[in-house]
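Asker: next input, structure requested:
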Amino acid sequence: MFERRHRAALLSLLVVTAAVGPAAAAVAGGDDASAKAQGDAYAGTHVGFDATSTAIVDYRVNDEPVLERVAVQSRSKTESDAGLDVGIDLTAATDLVGAAVSVDARTETNASLRTDSGATLVAHDTDRGDLVVAAGESGQYVSIDVNDSASVENASDQRVVVTTENGTTGTFIVAGNGSVAATDGNVSASVDEDSRLVFRTYPDGRDAADERQEALIANGTATAEVYVLADENGENASDRRAEVVNYGGTTTVDVTESSNGTVEMTAERSTHDGTVVITSVSDAAANGSENLTVTVDGEAAAEASSYSDLRAATNGGETSKYLVRQSTSGEASADVLVAVNHFSERSITVEDAQQTDGTETTTETESTTETDAGSDETSTTGGTTTSGSGPGFGLGAALAALLAGATLLVGRR
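Answerer: Numbering: from 1, shown residues only. As a prediction, this is how the structure comes out:
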């Protein structure tokens with residue numbers, strides 16, 4: 001159990017955004033049997049997939065196949081092909097003919113793809129295997145084939161739960177406006193413009209805390225997440241890497257540098273509304289339980305008693321708040337959620353309260369994620385060097401080491 005002081009810990013900013021619009025349906029189509037294969041499109045530490053000219057195929061998380069096929073097509077194209085002026089039922093989206101798709105960029109921590117329909121797909125190399133489909137400027141239909149042995153269950157009109165034969169659970173979440181449904185043993189979704197379809201897995205099972213976080217993503221309270229992971233390619237066992245997953249648009253996150261277990265960030269938004277932060281710290285990156293200290297504009301953040309308390313803090317609360325939850329999912333040992341109560345420009349400092357004398361941690365990291373509601377572009381770069389001689393490099397130090405001395409710019413355009 002973590003000891004916490006009333007100073008704030010913020011490692012990534014999740015901006016509250018929500019687009020309003022009607023949910024629509026999908027359309028029947030063909031298959032990808034004749035599509036030109038692009039081969040092994042991406043192979044990361046946790047995530048790998050292949051691609052055809054019209055779909056992502058064989059999506060794997062921690063070496064387990066979880067999705068057979070993911071295809072995306074614009075509403076206007078699919079409805080025109082079906083000879084309809086309005087959307088049809090989602091059950092018709094099962095074998096959607098996907099728009100042409102190509103790999104746009106690959107990094108150590110993610111791969112992004114673009115479709116001719118205007119959508120962007122980003123696969124994040126995290127232990128949860130996050131896959132985000134951003135609709136862009138027009139509504140999209142998404143057709144997902146799961147493995148024959150998997151079970152599919154509707155959790156709500158914005159969430160569908162998939163369970164593989166090996167017991168891995170994954171959830172599809174509509175972040176923003178749209179709908180998703182289990183259809184004939186597979187999954188179909190209709191996603192409004194500027195909204196997203198999010199897929200995240202839970203190798204060790206999905207618990208109540210995971211469900212609450214999904215709700216924050218679905219209702220627009222949480223629209224980005226930072227994963228702090230051990231860098232298996234690093235020269236030192238203490239090397240860290242960070243990956244930012246965007247669940248909403250019009251967000252810029254810039255991570256730079258720090259030293260001695262301190263992270264400094266600046267958050268800026270054009271609106272006054274508050275936001276919640278989700279930070280997932282891997283078991284390998286956090287070797288113990290140490291104090292986290294967090295300040296927002298030099299003032300201590302209060303400890304929240306519940307997720308509802310976090311949401312209340314973002315709605316003009318008197319003070320920013322934070323919540324720490326132990327996690328049973330994959331490599332994540334803890335999730336740190338921080339609710340910043342309001343915005344113009346805020347200064348946030350994260351420190352390891354038990355930083356040992358004689359221990360020096362210096363990290364140079366640059367991790368930038370930019371998402372524009374119009375272009376839905378995402379880019380992330382990162383690199384970390386860490387050294388230390390003192391004992392107990394725990395959660396607080398792990399967070400600080402990865403996003404050391406960081407500057408986060410979160411701007412809503």
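Asker: return the helix ranked longest in the chain as PDB; C-alpha atoms alone will do.
Answerer: Selection of the longest helix in the chain by residue count, based on DSSP state H, yields helix 208-218. The C-alpha trace of helix 208-218 is given here as PDB (Å, rounded to 0.1, in the frame of the first residue of the first chain):
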ATOM      1  CA  ALA A 208     -14.100  -3.000 -10.900                       C
ATOM      2  CA  ALA A 209     -11.300  -0.400 -11.000                       C
ATOM      3  CA  ASP A 210     -10.800  -1.100 -14.700                       C
ATOM      4  CA  GLU A 211     -14.500  -0.700 -15.300                       C
ATOM      5  CA  ARG A 212     -14.500   2.700 -13.500                       C
ATOM      6  CA  GLN A 213     -11.600   3.800 -15.700                       C
ATOM      7  CA  GLU A 214     -13.400   2.700 -18.800                       C
ATOM      8  CA  ALA A 215     -16.400   4.800 -17.700                       C
ATOM      9  CA  LEU A 216     -14.100   7.900 -17.300                       C
ATOM     10  CA  ILE A 217     -12.800   7.300 -20.900                       C
ATOM     11  CA  ALA A 218     -16.300   6.800 -22.300                       C
END
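Asker: who does that helix touch, helix- and strand-wise?
Answerer: strand 169-175, strand 196-202, strand 275-282, helix 307-314, strand 332-340 (3 or more Cβ pairs under 8 Å, 6 or more residues apart in numbering; DSSP states H and E). Any C-beta I mention is one placed from the backbone N, CA and C, and that applies to glycine too.
Asker: just want the angle from the fourth one to strand 275-282.
Answerer: What it means is helix 307-314. 130 degrees (axes from the mean of the first three to the mean of the last three Cα atoms, to 10 degrees).
Asker: tell me which residues of helix 307-314 come out buried.
Answerer: With burial defined by 16 or more other Cβ atoms under 10 Å, the residues of helix 307-314 counted as buried are 307, 310-314.
Asker: and stretch 41-52, by the same measure?
Answerer: Across stretch 41-52, burial judged by 16+ other Cβ under 10 Å covers 41-42, 44-52.
Asker: and if you look at stretch 174-194?
Answerer: For stretch 174-194, by 16+ other Cβ under 10 Å, it's 174-183, 186-194.
Asker: over to stretch 201-218?
Answerer: Buried residues in stretch 201-218 (16+ other Cβ under 10 Å): 201-203, 206, 209-210, 212-218.
Asker: what's the average pLDDT for that stretch?
Answerer: Mean pLDDT, computed over stretch 201-218, is 92.
Asker: please enumerate residues in contact with it?
Answerer: 61-62, 64, 66, 127-129, 156, 158-159, 161, 167-171, 173-175, 198, 200, 222-223, 247, 276, 278, 307, 310-311, 325, 327-330, 335, 337 (Cβ atoms under 8 Å, 6 or more residues apart in numbering).
Asker: please redo it, this time with the cut-off set to 6 Å
Answerer: For stretch 201-218, contacts defined as Cβ atoms under 6 Å, 6 or more residues apart in numbering pick out 61-62, 128-129, 158, 168-171, 173, 175, 222, 247, 307, 325, 328-330.
Asker: same thing with stretch 313-327?
Answerer: 2, 8-9, 209, 274-276, 294, 296, 301-302, 304, 310, 334-341.
Asker: coming back round to it: which stretch among the helices and strands packed on helix 208-218 comes nearest Ser151?
Answerer: strand 169-175 (9.8 Å; Cβ to Cβ).
Asker: go ahead and produce CSV holding the CA coordinates of the closest one.
Answerer: This file holds the C-alpha atoms of strand 169-175, laid out as CSV (Å, rounded to 0.1, in the frame of the first residue of the first chain):
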residue,chain,number,x,y,z
THR,A,169,-10.3,-9.9,-21.4
GLY,A,170,-10.5,-6.9,-23.7
THR,A,171,-12.9,-4.0,-23.9
PHE,A,172,-14.0,-1.9,-26.8
ILE,A,173,-15.0,1.6,-25.6
VAL,A,174,-16.5,4.5,-27.6
ALA,A,175,-14.8,7.6,-26.3
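Asker: packing partners of it?
Answerer: Applying 3 or more Cβ pairs under 6 Å, 6 or more residues apart in numbering; DSSP states H and E, we find strand 169-175 packed against strand 159-163, strand 196-202, helix 208-218.
Asker: strands paired with that strand, and their directions?
Answerer: strand 159-163 (antiparallel), strand 196-202 (antiparallel) (DSSP bridges).
Asker: may I have the longest one as PDB, with CA atoms only?
Answerer: To tie it back to what came earlier, the one meant is strand 196-202. Taking Å, rounded to 0.1, in the frame of the first residue of the first chain, the C-alpha atoms of strand 196-202 are listed here in PDB:
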ATOM      1  CA  ARG A 196     -12.700   7.400 -31.000                       C
ATOM      2  CA  LEU A 197     -13.100   3.600 -30.600                       C
ATOM      3  CA  VAL A 198     -10.600   2.400 -27.900                       C
ATOM      4  CA  PHE A 199      -9.600  -1.200 -27.300                       C
ATOM      5  CA  ARG A 200      -7.600  -2.200 -24.200                       C
ATOM      6  CA  THR A 201      -6.900  -5.700 -22.800                       C
ATOM      7  CA  TYR A 202      -6.500  -7.100 -19.300                       C
END
